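Engineer: Generate a structure from the sequence data that follows.
(one chain, ligands or ions: 1)
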Amino acid sequence: MALAKTVVTVLVLALAQPGPLHAYPVPADGTAFWKLITSFGAAIYGEPSERTGELVKSFKPESGMNPEELGEYTQGDILFTNKGAANAGLGRNGLKAPSARWPGAVVPFEISYGFSNSDRQMILNAMEEYHKHTCIRFVPRRGTDYDYLYITNGNTGCWSSVGRVSGRQEVNLQSPGCLTKIGTPMHELMHAMGFMHEQNRWERDSYVTINWQHIQSGRNNNFDKADQSTTDGQGVNYDYRSVMHYSAKAFTKDGADTISARVGGGGVTMGQRDGFSRGDIKKLRAMYKCSGRTSGL
Ligand SMILES: [Zn+2]
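Structural biologist: Presented below is the predicted three-dimensional model:
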C-alpha cells in the first residue's frame, strides 16, 4: 500500500510540475505503464537473436548509425526477455502493477564478469555521468535487493527493458560494439530508468520528417509514434540532441537518411552518443524528483 501511495504521489507531482517536463518518459502509474508497454504487442517479448549479434559484431562507427539501432528488437533495442516478462507477471491474469520507477532513485546493479576491464570501466563511467548530473545512484547490489540491473554481454545486441520491471532485469551490452561510445551504455541505462526513444514522441512530426521510402522493409514499426494518452507532452521541447534520439540513418536500407530535421535546419546532430544533452538531464531530474542545483552541462 505504501508503494502504491508513493506511486500516486509521484504521478500527481509529475502532473503538477510546470515547465518543460520532457517526454518521453513512461508513465509512473503502473497500469498506464503496462498499457504503454503492451501497446507494442508481442514483439517486445522474446529472446536475443543471432542475427543481431552478427550485425553488432560487424558494426562500424563510420556507418553513421548506432549499434543499438541494429537490433531486431522493438525499436531496435527494447526487449523484455521471457524470463523478465514472467517476473513481471506479464502474460498472466492480474498484473503486479509495478512502478516503472526505481524507489528513492537508487538502482542496485551487478556487472557480469564477462567484460574486459576497459569495458567494465566504460559502464562505470556511464553510471558516473548519472551521479554527476542527477540524484540517481547506481549502487552495487546487496543480498536484500530484489530488483536490480544485471549488466551483461552474455547475449547479442545492445538492449534493455524499460523502467523497473521486477526482480533481476538484464541490460545487454555486446562488446565491443555496444561499448564503442559512452553514450550507448548511457542510452540503455536511460531505458532502464524509464525512458523511451525521443523520435517516437507523439508530436515528433512537427520536428522531424520520417523518410519512409528509405526504411528497411518490415522495420516501419520502429518509427511508430507514442500514444499521447500514455505519455506526458506538457511543456515539452523536442530534443534532437538527446542521447535517446536515433541517428539520422537508423534502419536505412540504402544509406540515405531515414530521419530529417524540420526545425533548426542544418547543423542538427541526431543520434549523438557522446553524453547527455541538457534535456536528458532535465528529464531524468524531473522523473526522479532531484532537488538542488543542477550541475548543468
Ligand atoms: Zn534505445
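
Engineer: Now do Asn66 against Trp102, distance only.
Structural biologist: Applying Cβ to Cβ, to the nearest Å, the value for Asn66 to Trp102 is 25 Å. Where C-beta positions appear, they are placed from N, C-alpha and C, glycine not excepted.

Engineer: no, scratch that, I was asking about Asp147
Structural biologist: 8 Å.

Engineer: thinking again about what came up before, so between Asn66 and Trp102, which is more surrounded?
Structural biologist: Remark: of Asn66 and Trp102, Asn66 carries more neighbours, 28 against 22, as counted by other Cβ atoms under 10 Å.

Engineer: Ala250 is in contact with the more buried one, correct?
Structural biologist: Yes. In this structure, Asn66 is within contact of Ala250 by Cβ atoms under 8 Å, at 7.5 Å.

Engineer: between those two, what contacts are shared?
Structural biologist: Taking Cβ atoms under 8 Å, 6 or more residues apart in numbering as the criterion, Asn66 and Ala250 both touch Gly271.

Engineer: Surely Asn200 is in contact with Asp227?
Structural biologist: No. Assessed by Cβ under 8 Å, Asn200 is found out of contact with Asp227, at 10.3 Å.

Engineer: between the two, which one's more packed in?
Structural biologist: Per other Cβ under 10 Å, whichever of Asn200 and Asp227 has more neighbours is Asn200, with 19 against 11.

Engineer: show me the residues around the more buried one that make contact.
Structural biologist: Per Cβ under 8 Å, 6+ apart, neighbours of Asn200: 24, 75, 223-226.

Engineer: Most widely separated two among those residues?
Structural biologist: Farthest-apart pair in the contacts of Asn200 is Tyr24 and Phe223; separation 13.7 Å (Cβ to Cβ).

Engineer: and these two? which has more neighbours close in?
Structural biologist: Between Tyr24 and Phe223, counted using other Cβ under 10 Å, the more crowded position is Tyr24 (28 against 21).

Engineer: and the nearest residue to Tyr207 once chain neighbours are set aside, what is it in contact with?
Structural biologist: Of all residues not flanking Tyr207 in the chain, Tyr238 sits nearest, at 4.1 Å (Cβ to Cβ, 6 or more residues apart in numbering). Tyr238 makes contacts with 198, 201, 203-204, 206-208, 263, as judged by Cβ under 8 Å, 6+ apart.
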